[in-house]
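Enquirer: take a look and give me a structure for this.
(one chain, ligands or ions: 2)
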Amino acid sequence: MLLGVIADDFTGAGDIANTLAKGMPDVTGQAGGLVVAQYMGVPDRQADPAIEAGVVSLKTRSIPVDQAVAQSLVALKWLQAQGCRQIVFKYCSTFDSTPEGNIGPVAEALADALGVAGVIACPAFPTLGRSVHQGHLFVHDRPLNESGMQNHPLTPMRDADIRRWLGRQSKAPVGLVPAAVVRAGSEAVATALRAAAAKGETLAIADASTDEDLVTLGRAAAWAPLITGGSGIAIGLPANFIRAGLAAGTATRFEGVTGPEAILAGSCSGATRDQIEVHRRDHPALAISVDDVMNGITTSHDLIGFFRQNVGKQPLAFSSGNPHEVAATQTRYGREAVAGRLDELFADTARQLVDGGVRRLVVAGGETSGAVAQALDLGDLRIGPEIDSGVPILISQKRGIALALKSGNFGRTSFFAHALDALSGSAFDRRQ
Ligand SMILES: Nc1ncnc2c1ncn2[C@@H]1O[C@H](COP(=O)(O)OP(=O)(O)OP(=O)(O)O)[C@@H](O)[C@H]1O
Ligand SMILES: O=C(O)[C@@H](O)C(=O)CO
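Expert: Ligands and ions are numbered 1, 2, ... in the order given. Next up is the predicted model:
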């Protein structure tokens with residue numbers, strides 16, 4: 001294995017696995033992706049030697065800092081044991097974190113373990129409108145704290161100055177590689193990172209607003225032991241390995257999976273709520289009452305009944321609420337309690353669905369997807385074609401199922417129906 005990724009949530013892991021599998025032509029025209037596997041947690045076995053990039057999916061975004069650090073270091077050890085020359089710490093393109101962490105503490109712990117400083121931190125994902133300017137993160141034309149992310153149920157983002165935000169989470173000062181340096185090219189970036197390291201800056205926010213900027217950062221960090229960022233930071237990385245003759249840039253085919261289907265949505269993000277509204281217009285949809293879940297009135301048994309009655313009709317069960325509903329529910333029961341009970345509900349439901357024959361499963365929300373994936377004993381996941389930006393088809397050979405695990409804010413408005421078609425192989429037929 002050449003490249004190892006430690007991802008702080010499951011949908012984010014799929015997002016970067018997709019980027020690595022897809023590849024992106026660099027300035028020399030070097031295209032092609034890597035052979036990628038996504039692991040559910042840290043595997044207890046050696047990786048298949050054919051795998052060039054391994055993505056370890058953790059669920060560390062919203063857990064206590066010390067646990068997030070400890071789990072990330074275990075993942076690092078496993079990836080090093082597989083021979084990885086480069087590690088990427090993948091976090092959210094909207095920098096989801098609290099003032100305590102977990103991005104800063106995990107990144108600094110990985111940097112300490114690898115003995116490096118002047119490490120790139122860049123959440124930019126221009127395809128989806130996430131760009132970094134002078135250390136400030138924007139979602140399209142809005143600063144992060146006015147993008148809707150200020151209402152996130154677990155990690156409300158109330159400061160667009162991510163250099164300052166990361167500084168609150170970090171022991172060392174945080175540096176900046178501004179756009180002017182990035183536009184000057186990869187040599188200039190590499191020099192700026194060395195200067196940051198010399199100043200004692202373990203991490204340095206790098207500006208990026210286009211894929212070309214990300215390719216420049218990827219080239220600058222070609223042999224860096226550690227890089228941190230959103231999936232965009234991986235755009236330029238496959239080409240480094242292919243150019244050096246270490247990877248072939250091969251493609252694989254996805255044949256499609258047929259059989260019963262289900263859609264579960266626990267994400268409360270604006271994009272997911274729009275997707276729910278569009279889907280429920282002409283498909284069966286079950287709105288889960290969080291009060292009923294918290295009071296033991298609604299259980300996985302009710303969800304399973306709903307899915308059984310609607311096989312073949314692309315049924316959707318969702319808990320998602322608007323910011324006002326989410327705030328009211330959290331005040332009534334406590335944030336962790338609600339998240340824990342809903343995670344459990346979706347995980348139990350998914351386990352029974354797959355045991356009962358469901359073969360195509362779509363899940364919306366990173367935390368929700370993490371809970372579902374951990375419950376399913378999926379084995380290693382292979383990465384199929386991209387369904388929508390940042391969302392690949394995931395194939396579990398062990399369970400004979402195909403999944404789409406969607407980050408809350410990703411996907412077109414008709415995502416749910418489109419994803420089920422894609423999983424059956426009918427939305428397209430193209431190379432990975
Ligand atoms: N109606 C609700 N009220 C309060 N909390 C809810 C409600 N529905 C879901 N939740 C919780 O909100 C959280 C949503 O997080 P999740 O990561 O699944 O989605 P997301 O944040 O939109 O996606 P991503 O992390 O990929 O951006 C989960 O913990 C979920 O259990
Ligand atoms: O980077 C992103 O936006 C996503 O991959 C993600 O991590 C959302 O949970």
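
Enquirer: what about the residue of the stretch 51-200 of the chain found nearest ligand 1, is that helix, strand or coil?
Expert: As assessed by C-beta to the nearest ligand atom, ligand 1 sits closest to Pro153 within the stretch 51-200 of the chain, at 3.9 Å. From N, CA and C alone the C-beta is placed, and that goes for glycine too. Classification of Pro153 by DSSP: H, G, I helix; E, B strand; the rest coil places it in coil.

Enquirer: which parts of the chain sit against ligand 2?
Expert: Within the chain, the positions adjacent to ligand 2 are 9, 11-12, 15, 92-94, 125, 230-231, 366, 390, 407 by C-beta under 6 Å from any ligand atom.

Enquirer: can you put those residues in CSV and add pLDDT and distance to ligand 1?
Expert: Formatted as CSV, the residues of the chain next to ligand 2 follow (pLDDT from 0 to 100; distance: C-beta to the nearest ligand atom, whole Å):
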residue, pLDDT, distance to ligand 1
Asp9, 93, 6
Thr11, 91, 5
Gly12, 94, 7
Asp15, 95, 9
Cys92, 96, 6
Ser93, 97, 9
Thr94, 96, 7
Phe125, 96, 12
Gly230, 98, 11
Ser231, 97, 12
Gly366, 90, 3
Gly390, 92, 10
Ser407, 92, 4
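
Enquirer: what remains of these if I keep only buried residues?
Expert: 9, 11-12, 15, 92-94, 125, 230-231, 366, 390, 407 (16 or more other C-beta atoms under 10 Å).

Enquirer: what does the helix or strand encompassing Val189 contact?
Expert: Using DSSP states H and E, Val189 sits in helix 186-198. With contact meaning C-beta atoms under 8 Å, 6 or more residues apart in numbering, helix 186-198 is reached by 116-120, 175, 177, 181-182, 204, 206, 216-217, 219-222, 224.

Enquirer: in strands, which of these appear?
Expert: Val119, Ile120, Gly175, Val177, Ala204, Ala206 (DSSP state E).

Enquirer: ok, now which ones touch the last one?
Expert: Think Ala206. Each residue near Ala206 by C-beta under 8 Å, 6+ apart is listed here: Ile120, Ala121, Cys122, Val132, Leu176, Val177, Val182, Val189, Leu217, Gly229.

Enquirer: tally of neighbours for the residue nearest to Gly408 when sequence neighbours are not counted?
Expert: Once flanking residues are discounted, Gly408 sits nearest to Ser269: 3.2 Å by C-beta to C-beta, 6 or more residues apart in numbering. Other residues near Ser269 number 24, with proximity taken as other C-beta atoms under 10 Å.

Enquirer: wait, Ser269 sits on Pro153?
Expert: No - using C-beta atoms under 8 Å, Ser269 is not in contact with Pro153, being 9.2 Å away.

Enquirer: sorry, back to before: so for the residue nearest to Gly408, what's the pLDDT?
Expert: On pLDDT, Ser269 comes in at 92.
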